[in-house]
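S.K.: here's a sequence, model it:
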Amino acid sequence: MEINKDNIEKKLRDEFEPTYLNIDDCSSGCGLKFDSIIVSKKFEGKQLLARQRLVNDLLKDEMTKIHAFTQKTYTPDEWEKKQEKAATNPECLQKGTSACNGICGNGPK
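M.R.: Okay, here's the model as predicted:
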């Protein structure tokens, strides 16, 4: 299977049934550097490292070929609180949604 944003997104949707999912291709053309935000009930009761292991295990075949995969994993409650905070401080949203921070041209500016 070809590694691209759509295929990664499909795998994540099928496994985690996210209430919110955002995958950014920050690769500057090579297609192998991604930022992700995954909001899922399946993360409830799990520490950050356990959540990231779930994602890494799901994408283990892709990870051998991807240059970088940044993931931010939230429960729906955590995500809602983050959005409320961002609504009161718009700079928080810009700085917090993408590890690229717009440097690659694909993230928020």
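
S.K.: only C-alpha atoms from now on, for both contacts and neighbour counts.
M.R.: Will do.

S.K.: got the phi and psi for residue 26?
M.R.: The phi/psi pair for residue 26 (degrees, to the nearest 10) reads phi -110, psi 30.

S.K.: number of residues surrounding it?
M.R.: 23 (other CA atoms under 10 Å).

S.K.: is it in contact with residue 36, as I believe?
M.R.: No - using CA atoms under 8 Å, residue 26 is not in contact with residue 36, being 10.2 Å away.

S.K.: the protein: helices as residue ranges?
M.R.: If DSSP state H is used as the criterion, the helices of the chain fall at 5-16, 48-58, 60-63, 76-88, 90-96.

S.K.: what residues sit buried inside stretch 28-41?
M.R.: For stretch 28-41, burial by neighbour count (16 or more other CA atoms under 10 Å) applies to 32, 33, 34, 35, 36, 37, 38, 39, 40.

S.K.: how far does that stretch sit from its chain's centre?
M.R.: Its chain's average C-alpha position is 5 Å from that of stretch 28-41, according to CA atoms, centre = their mean, to the nearest Å.

S.K.: what residues does stretch 74-84 touch?
M.R.: The contact list for stretch 74-84, computed with CA atoms under 8 Å, 6 or more residues apart in numbering, reads 19, 37, 38, 39, 40, 41, 42, 43, 44, 93.

S.K.: if we go to 10 Å?
M.R.: The contact list for stretch 74-84 (CA atoms under 10 Å, 6 or more residues apart in numbering) reads 18-20, 37-46, 48, 51, 73, 85-87, 89-90, 92-93, 96-97.

S.K.: check stretch 41-49 too.
M.R.: With CA under 10 Å, 6+ apart as the criterion, stretch 41-49 contacts 15-19, 50-52, 54-55, 72-78.

S.K.: buried sites along that stretch?
M.R.: In terms of neighbour count (16+ other CA under 10 Å), stretch 41-49 has its buried residues at 42, 43.
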